[in-house]
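Peer 1: Give me coordinates for this.
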Amino acid sequence: MTRISLRLFLAAAAVVSAHAGFAQEGIPLPAPAVDEAPGAGAETAIFAGGCFWGIQGVFSHVKGVTSATSGYAGGKVDNVSYEGVSSGTTGLAESVKVVFDPQKISYGHLLQIYFSVAHDPTQLNRQGPDEGTQYRSAVFPTNAEQARVAAAYIAQLGQAHLFDGAIVTRIEPGAHFYRAEDYHQDFLARNPTDGYIVVNDLPKIDHLKSLFPADYRGKPLMVMN
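Peer 2: Sure thing, here's the model as predicted:
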């Protein structure tokens, strides 16, 4: 069974299960007390938190984001592939590279959305039905300031005890990003009736729209035209 087939099987099982509903409920988290000063020019952020379909789907609907691309980060290997990453032996995590305009949205605010609606930061090396280090919660700062802001925000949220469990999100600077295969790009936007998407990811879009209405972009950004 391919990895995608396995995901679809798990999604179908979740629909009929009494314990269905893997998607995290949106949590209205406070804004970061520490944030970057707005700079000139585009900036890049990289986030991991489970299947990249949902993470990309969320950020493709955020105003101020100019692109959101699915890929892999957190390890360095030759011949990167979805099958290899799915084996859990590469050190890579399914990730999303977010390019944004810091004059329109800050890195700290992206973190707020990431922790509030994009994933559950208390799940260690898993997210919903997906298990393994390739589904870990991690941020990959692209500069020292992002690392400082991410560490401060994780500490702020931990001290506020807003989650049922401890935040396990890792901060991994200096990660190389590998673009994922074309068939993974825009998966949520192109497959809104897919069983996995319906159960695990469409609720995240609803939470984004309800918790961050001023940031919500109705028409998602697309990688593939």
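
Peer 1: Surely L29 touches L157?
Peer 2: Yes. Under the criterion of C-beta atoms under 8 Å, L29 makes contact with L157 at 6.5 Å. Bear in mind the C-beta positions are built from the backbone N, C-alpha and C, glycine included.

Peer 1: what do those two both touch?
Peer 2: Residues touching both L29 and L157 (C-beta atoms under 8 Å, 6 or more residues apart in numbering) are F115.

Peer 1: what helices or strands is the helix ranked longest in the chain leaning on?
Peer 2: For the chain, the helix with the greatest residue count under DSSP state H is helix 144-160. When contacts are defined as 3 or more C-beta pairs under 8 Å, 6 or more residues apart in numbering; DSSP states H and E, helix 144-160 sits against helix 107-113, strand 170-171.

Peer 1: Mind checking the pLDDT average for the last one?
Peer 2: Per-residue pLDDT over strand 170-171 has a mean of 98.

Peer 1: Let's test this: mean pLDDT of the helix or strand following it, rounded?
Peer 2: Next in sequence after strand 170-171, counting helices and strands by DSSP states H and E, comes strand 177-179. In this model, strand 177-179 has a mean pLDDT of 97.

Peer 1: buried sites along the longest helix of the chain?
Peer 2: For helix 144-160, a neighbour-count test (16 or more other C-beta atoms under 10 Å) marks E145, Q146, A147, V149, A150, A152, Y153, I154, Q156, L157 as buried.

Peer 1: Using PDB, write out every CA atom in that helix.
Peer 2: Listed next in PDB are the C-alpha coordinates belonging to helix 144-160 (Å, rounded to 0.1, in the frame of the first residue of the first chain):
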ATOM      1  CA  ALA A 144      18.700  34.500  14.200                       C
ATOM      2  CA  GLU A 145      15.800  36.900  14.800                       C
ATOM      3  CA  GLN A 146      13.200  34.300  13.800                       C
ATOM      4  CA  ALA A 147      14.900  31.800  16.200                       C
ATOM      5  CA  ARG A 148      14.700  34.400  19.000                       C
ATOM      6  CA  VAL A 149      11.000  35.200  18.300                       C
ATOM      7  CA  ALA A 150      10.100  31.500  18.100                       C
ATOM      8  CA  ALA A 151      11.800  30.600  21.400                       C
ATOM      9  CA  ALA A 152      10.200  33.500  23.100                       C
ATOM     10  CA  TYR A 153       6.700  32.600  21.800                       C
ATOM     11  CA  ILE A 154       7.000  29.000  22.800                       C
ATOM     12  CA  ALA A 155       8.100  30.100  26.300                       C
ATOM     13  CA  GLN A 156       5.200  32.600  26.400                       C
ATOM     14  CA  LEU A 157       2.600  29.900  25.500                       C
ATOM     15  CA  GLY A 158       4.100  27.400  27.900                       C
ATOM     16  CA  GLN A 159       3.900  29.800  30.800                       C
ATOM     17  CA  ALA A 160       0.300  30.600  30.000                       C
END
